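Trainee: Got a predicted model here, sequence first, then my questions.
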Amino acid sequence: MTRLPERRHRLPIDRSRLVVLVLGALLVTGAKPGGGGTPSAFVRVNQVGYPTAASKRAYLMASAVETGATFSVKRSDGTVALQAAIGADLGSWSSGYAHVYALDFNALTAAGTYSIVVTGPIAATSPSFTIADGSAVYGGALRNSLDFYQVQRDGPAYVPSALRHAGAHLNDASAMTYLTPNYNAGTGSFRGDLTPLGTRIDASGGWADAGDYLKFLQTTNYTEGMLLAGIRDFPTQFAAAGAAPADFMAEARLGADWMLRMWDDPTRTLYYQVGIGSGNGKAISDHDLWRLPEADDTFGGSDPLYRYIRERPVFRAAAPGSLISPNLAGRNAAALAECYVVFKTTDKPFADRCLTAAVHIFDLANTAPSGDLLTVIPFSFYPETEWRDDLEWGATELHLALASGGAPAGLGHDATYYLQQAATWASAYIHGPEDAADTLNLYDVSGIAHYDLDKAIGTAGLGGLAVTQTDLRADMKKALDRAQTQAATDPFGFGFTWAAWDTTTHGAGLSVMASEYAQLTGDASYAALGDRWLANILGANAWGLSLIVGDGSTFPHCLQHQIANINGSLDGSSPVLAGAAVEGPNSAPTRGSLSGMRACPTNGVDVYAKFNGHGAQFLDNVESYDNTEPALDLTASSLLAFARQEAGLH
């Protein structure tokens, strides 16, 4: 068996050093187009479409100068709706495509299906796209996101589909708990064997983290918090995206229920991970196998080599009653407090359990951490370093929950206390070492924490806090300004480097932040940029590729996702893992295969190599986890981005 490289070495944007992982691949800055220097050009559009009221920009990417070229936006019947000269040359993408031109058509607002045709030195035609109201354009994309989370379901409550045929990891219902093992630096494998704690818990349910089958509190609490915020703030859009019982409310309950299973309130004990990605050389771990999840409960019969596949270990964060890493404490508190707000009218006992757990977990937050934060094992899978924003988010949502009324008695603090705590931690973040160095994603939640805290301060009308609404808005602007500066270095105007990790989720997160800022301030300075940043991950990029599966006409076919690879198609036809946001372009695609992995692409051809540039590559290959693996957290920001577009908030 060929061992696959670790598939979850997910790195945040590095605030002081850009970490570049190179695994046997050379940097490609752009191949010569068309073979033998034949001129070529492509029109890149938002393949999902353009809301009527949104800004509308496409891009002409050409291998040679397109002086005098014009473009026509044509209706589906071939008639011309708008015609204009191509816009400014925005700069070079690569040696093969030295010219990228703006194609702006904001004046076109009539609903319909269109394509763009360029007439000039090098002709080009775009894929078709729609113009319509926000719900018509983005409603299907939001529904696809729900489909993704349903496929990720673990435990007995699976949703039958062409991709899912059975429940999985039923043995998690009686899982042994263990101490966190020591890990070998660099390899990710643990030393010695695991030490059982003698306590079994029900760790069943929840979602698989990514293309593997591990379950992490680190990614679940962020995903759950984003999902519940969407349901709370955009009930019309989220309700329209599904039908009970398989709807977003059911999905949110599944996530919150698993989080409660990972917390023992009477003993104040938090558990943070189910399963191991890297073993000790004496036991097979999750990343050593390529299989469907339902195989695990009996995998290998009684062979001890597969013991941690059949009986997955659960790891304890700390001894009962001990302090909890602040990133986990803050995000858990945020998500579970939101659970209270969302479910208190339909299931008060469940909502009360959520709020009680949120308060008790937040009370145990370690507010002076040293060394690595506790994320997952090994830490290198999710090397988070910022935590003040997590505590800001947790305290903010606790304030909003208590301020909404009906809380169970005996929780110890009132809503004002948590508003003060939220402001204190917001100030600590703003004056901290990583302020505004990242944008909304798993590793920095200030983009949603500031937004909710701003609204909370406005409603409470309480003075004397550690921050003001002006402070919060200025900090959001600081992050957006940095994204705007980054965008100026890229002919496609993307606000995040294409050559780092988690490209897709950063694009959606930037769109959310631009919309939030406009909503809070009435200043639409970043509105067009927000629309373009979302378009960048939906096809308006050098590769002409939507980085969310099923959203648009051209998207990755070769996911490093076991269920999609084994049960899905390899050519983009149904069934696909619709709604899954993949990692996106990176500096150097990875390679590595496992027995049982279906080769994809089947012909081995890299169809996107000629479009690589700006130090970034995209390899649509099942072996390239850093390009094609989807994940819970990667998809979460797109939920809010789509809902905001549907609601007309640009």
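Mentor: Looks like it came in fine. Everything numeric here is computed off the predicted structure, so don't read it as measured data.

Trainee: Tell me who's in contact with V376.
Mentor: The contact partners of V376, by CB atoms under 8 Å, 6 or more residues apart in numbering, come to R8, L214, F216, Q218, Y272, Q273, G277, Y382. All C-beta atoms are positioned from the backbone trio N, CA, C, and that covers glycine.

Trainee: how about 7 Å then?
Mentor: Counting by CB atoms under 7 Å, 6 or more residues apart in numbering, V376 touches F216, Q218, Q273, Y382.

Trainee: rounded to a whole number, what's the mean pLDDT of the longest strand seen in the chain?
Mentor: In terms of residue count, the longest strand belonging to the chain (DSSP state E) is strand 112-119. For strand 112-119, mean pLDDT rounds to 98.

Trainee: strand partners of it, parallel vs antiparallel please.
Mentor: Sheet pairing here is set by DSSP bridges, and for strand 112-119 it gives strand 70-75 (antiparallel), strand 124-125 (antiparallel), strand 129-132 (antiparallel).

Trainee: Tell me which of those lies nearest to A499.
Mentor: strand 124-125 (25.6 Å; CB to CB).

Trainee: quick one: that closest one to chain centroid distance?
Mentor: Averaged C-alpha coordinates place strand 124-125 at 32 Å from its chain's average position (CA atoms, centre = their mean, to the nearest Å).

Trainee: Likewise for stretch 236-256?
Mentor: 18 Å.

Trainee: Spatially nearest residue to the residue in the chain sticking out farthest from the centre (excluding sequence neighbours)?
Mentor: The C-alpha centroid of the chain is most remote from G68, which lies 40.9 Å away (CA atoms, centre = their mean). Once flanking residues are discounted, G68 sits nearest to G120: 5.9 Å by CB to CB, 6 or more residues apart in numbering.

Trainee: Could I get the pLDDT score of G34?
Mentor: pLDDT at G34 comes out at 47.

Trainee: Same question for the one 10 residues further on.
Mentor: On the pLDDT scale, R44 is placed at 98.

Trainee: In contact with it, which residues?
Mentor: Contacts of R44 by CB under 7 Å, 6+ apart are A58, Y59, M61, G539, A540, N541, G544.

Trainee: what are the ranges of the helices in the stretch 551-650 of the chain?
Mentor: Under the criterion DSSP state H, counting those that start in this stretch, the stretch 551-650 of the chain contains helices at 562-567, 625-628, 632-646.

Trainee: contacts for the shortest one?
Mentor: When contacts are taken as CB under 7 Å, 6+ apart, the neighbours of helix 625-628 outside the stretch itself are 7, 501, 556, 558-560, 582-586, 589-590, 618-622.

Trainee: helices or strands next to the helix or strand D454 falls within in the packing?
Mentor: Following DSSP states H and E, one finds D454 within helix 446-460. Counting contacts by 3 or more CB pairs under 7 Å, 6 or more residues apart in numbering; DSSP states H and E, helix 446-460 is packed against helix 388-403, helix 415-430, helix 469-487, helix 503-521.

Trainee: Any regions of the stretch 101-250 of the chain where pLDDT drops low?
Mentor: For the stretch 101-250 of the chain, the stretches with pLDDT under 70 are 186, 245.

Trainee: all strands of it, in order?
Mentor: For the stretch 101-250 of the chain, the strands defined by DSSP state E, counting those that start in this stretch cover 112-119, 124-125, 129-132, 175-178, 196-201, 215-216.

Trainee: D435: which of those is closest?
Mentor: For those, proximity to D435 was assessed by CB to CB; strand 215-216 is nearest, at 26.3 Å.

Trainee: and for that closest one, what are the contacting residues?
Mentor: Strand 215-216 is contacted from outside by D154, G206, A208, D209, Q273, V274, G275, V376, using CB under 7 Å, 6+ apart.

Trainee: Kindly indicate which of the residues you listed lies nearest M259.
Mentor: Nearest member of the contacts of strand 215-216 to M259, counting by CB to CB, is G206, at 7.8 Å.

Trainee: so how far is F381 from the closest one?
Mentor: 17 Å (CB to CB, to the nearest Å).

Trainee: Please say which of those two ends up with more neighbours.
Mentor: G206 (28 against 24; other CB atoms under 10 Å).

Trainee: and A295, which of the three is it?
Mentor: At A295 the chain is in helix, as set by DSSP: H, G, I helix; E, B strand; the rest coil.

Trainee: now the contacts of strand 215-216: which count as buried?
Mentor: D154, G206, A208, D209, Q273, V274, G275, V376 (16 or more other CB atoms under 10 Å).

Trainee: give the contact list for the third one.
Mentor: By CB under 7 Å, 6+ apart, the residues touching A208 are Q152, D154, K215, P293.

Trainee: Of these, which pair is most distant in space?
Mentor: K215 and P293 (11.0 Å).

Trainee: who touches both of these two?
Mentor: Listed as contacting both K215 and P293 by CB under 7 Å, 6+ apart are D154, A208.

Trainee: Look at these two and report which has more neighbours.
Mentor: K215 (29 against 21).

Trainee: Distance check, that one against Y526.
Mentor: Counting by CB to CB - K215 and Y526 are separated by 36 Å.

Trainee: got it, and Q484?
Mentor: 7 Å.

Trainee: And these two? Which one has more around it.
Mentor: Counting neighbours by other CB under 10 Å for Q484 and for Y526 shows that Y526 has the greater number, 26 against 17.

Trainee: count of residues packed around the residue nearest to that one when sequence neighbours are not counted?
Mentor: Spatial nearest neighbour of Y526, chain neighbours left out: A514 (4.0 Å); criterion: CB to CB, 6+ apart. Residues near A514, counting by other CB under 10 Å, number 32.

Trainee: and A514, what is it in contact with?
Mentor: By CB under 7 Å, 6+ apart, the contact list for A514 reads L480, Y526, A527, L529, G530.

Trainee: Would you confirm that D389 contacts I448?
Mentor: No. Counting by CB atoms under 7 Å, D389 sits too far from I448 to count as a contact (9.1 Å).

Trainee: Which residue of these two possesses the greater neighbour count?
Mentor: Ranked by neighbour count (other CB under 10 Å), D389 and I448 place D389 first, with 30 against 26.

Trainee: Would you check how far apart that one and P326 are?
Mentor: Going from D389 to P326 by CB to CB gives 10 Å.

Trainee: thinking I284 is in contact with R312, fair?
Mentor: No. Counting by CB under 7 Å, I284 sits too far from R312 to count as a contact (11.8 Å).

Trainee: Contacts made by stretch 294-308 with the rest, please.
Mentor: 166-171, 213, 276, 279, 283-285, 309-310.

Trainee: In CSV: the strands of the stretch 101-250 of the chain, plus distance to L639.
Mentor: Listed next are the strands of the stretch 101-250 of the chain as CSV, based on distance: least, CB to CB, whole Å:
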stretch, distance to L639
strand 112-119, 26
strand 124-125, 32
strand 129-132, 20
strand 175-178, 29
strand 196-201, 29
strand 215-216, 19
